[in-house]
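Asker: I'd like to go over a predicted model; first the sequence, then the structure.
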Amino acid sequence: MKSQTKTQYFSSPLYLESGRILEPYHIIYESYGTLNADKSNVILVCHALTGSHHAAGTYEGDRKPGWWDGIIGSNKAIDTDKYFVLSTNVIGSCFGSTSPMSENYPSQSPYRLKFPVVTIKDMVHAQKQLLSDLGIYHLRAIIGGSMGGMQALQFAVDYPNFADDIISLAATYATRPWTIAFNKVAVEAIRKDPRFMNGNYEKDAFVEEGLDGLAIGRIAGHISYLCPDAMDNKFGRNYVNNDGLFELFGRYEVERYMEYNTSNFSKNFDPLSYLYIVKAINTFNLARGYDSLYEAILRIKARVHLISFSSDHLFFPEEMAHIHKMMQRNKQESSYTQVESTYGHDAFLVELDKFAGVIKEVFTKDN
């Protein structure tokens, strides 16, 4: 699979939903496959909270491939023999695009907490600018899961004629209090960690030891991404062999798993980026800027394909079903699939075989 990683730099301002301006800025992106002559074979892939532009393939020296490698590639659901696939890193993330730890031009100091709040709408606007700079003015499809699914839906509403198909997985039309409450645990854990220093830490300060506040907050995230059945199946009530049952801090396997995974995560993800992206998720509301959700949905011209997961306790299936019902009433083209799963929200990253066929079906008309 032919892949390239590039960074696009913008000197023109990005006007944000808040009224603030980001200038200059840059976006890192990865591409797979070959762009055809009339640029009609482009698929945009949007990532979730902790994802990046590295959606497929394996970097030299890495053990793990990109986060959606199972469905992007030759003869896969998103077929790179046929399509030119673009995956960008959103504004605010810490994997190469402009973020809170980027230099606050014209100074050489990072923005830190001077970085403006960005929304899903802003992320989409920035990606639209990138595509325009690349001479791409229409997309075959836009696809993403979780926060990536939010971006796909926002594209559908804000740029109605921009894509033929929108595929949104494990997302919602507006983030509900339940999810915001889970996110609050992470936000407060980070802010109250003395080593966070109100955002005034040095770049790469946590590469060696991580940040305890981010690790603790990430535990809350993991709980919301899984579900009780998933935890039962994965861990049961198994106890760590060399931890005594009656030791106060002896651990069940689920506890050890949370400690290990969240500790590693806090070494690799910038805490300010985490705060800013969580804010974008919390403020997501398709209806904002329009008279109502009905008016927002009515703008959509693309064919919309919604995929939810039965055990998703972060963005519940009925939230996606609600969008589908609204589109049906409006006689807009829409399909809805609820995947039976016991894996929880993260099923969109793990149980690819359960929905890859649905995605492949979207592109059968191109055969």
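Answerer: Yes, it's here.
Asker: just the helices in the chain please.
Answerer: Assigned by DSSP state H, the chain shows helices spanning 120-133, 147-158, 177-192, 212-225, 228-235, 253-268, 271-282, 293-298, 317-329, 347-350, 356-362.
Asker: Please work out which of these is packed deepest.
Answerer: Highest mean neighbour count of the helices of the chain: helix 147-158, a mean of 27 (counted as mean count of other Cβ atoms under 10 Å). Where C-beta positions appear, they are placed from N, C-alpha and C, glycine not excepted.
Asker: name the helices or strands packed onto that helix?
Answerer: On a contact count with 3 or more Cβ pairs under 8 Å, 6 or more residues apart in numbering; DSSP states H and E, helix 147-158 meets strand 42-46, helix 120-133, strand 139-145, strand 163-169, helix 271-282.
Asker: between the ones you listed, which one is nearest to Ile72?
Answerer: Judged by Cβ to Cβ, the one of the helices and strands packed on helix 147-158 that comes nearest to Ile72 is strand 42-46, at 6.9 Å.
Asker: Give the rounded mean pLDDT of that closest one.
Answerer: For strand 42-46, mean pLDDT is 98.
Asker: chain center to that strand, what's the gap?
Answerer: 13 Å (Cα atoms, centre = their mean, to the nearest Å).
Asker: what does stretch 304-311 give?
Answerer: 15 Å.
Asker: Mind pulling up the pLDDT for the residue located most distally from the centre of the chain?
Answerer: What lies farthest from the middle of the chain is Phe246; by Cα atoms, centre = their mean that is 40.7 Å. Looking at Phe246, its pLDDT stands at 93.
Asker: Of the helices and strands packed on helix 147-158, which is nearest Asn241?
Answerer: Among the helices and strands packed on helix 147-158, helix 271-282 comes nearest to Asn241, with 33.1 Å by Cβ to Cβ.
Asker: So this structure: which segments form each domain?
Answerer: 3-175+284-366, 179-280 (automatic domain parsing).
Asker: Can you get me the start-to-end distance on the first one?
Answerer: Read that as domain 3-175+284-366. The straight-line separation of the ends of domain 3-175+284-366 (Cα to Cα, to the nearest Å) is 22 Å.
Asker: Below-threshold pLDDT in the stretch 251-367 of the chain: ranges please.
Answerer: For the stretch 251-367 of the chain, no stretch is flagged by pLDDT under 70.
Asker: rerun that using 80 as the cut-off
Answerer: 367 (pLDDT under 80).
Asker: isn't Ser11 right up against Pro24?
Answerer: Yes: assessed by Cβ atoms under 8 Å, Ser11 is found in contact with Pro24 at 5.1 Å.
Asker: Of these two, which one has the most company?
Answerer: Applying other Cβ atoms under 10 Å to Ser11 and Pro24 shows that Pro24 carries more neighbours, namely 15 against 8.
Asker: Wait, that one touches Ser102, no?
Answerer: No: look at Pro24 against Ser102 with Cβ under 8 Å: they stay out of range, at 9.7 Å.
Asker: per-residue confidence at Ala152?
Answerer: pLDDT, Ala152: 98.
Asker: Correct me if wrong: it contacts Ile166.
Answerer: Yes: using Cβ under 8 Å, Ala152 makes contact with Ile166 at a distance of 5.1 Å.
Asker: my guess is Tyr252 contacts Asn241, does it?
Answerer: No: counting by Cβ under 8 Å, Tyr252 sits too far from Asn241 to count as a contact (11.5 Å).
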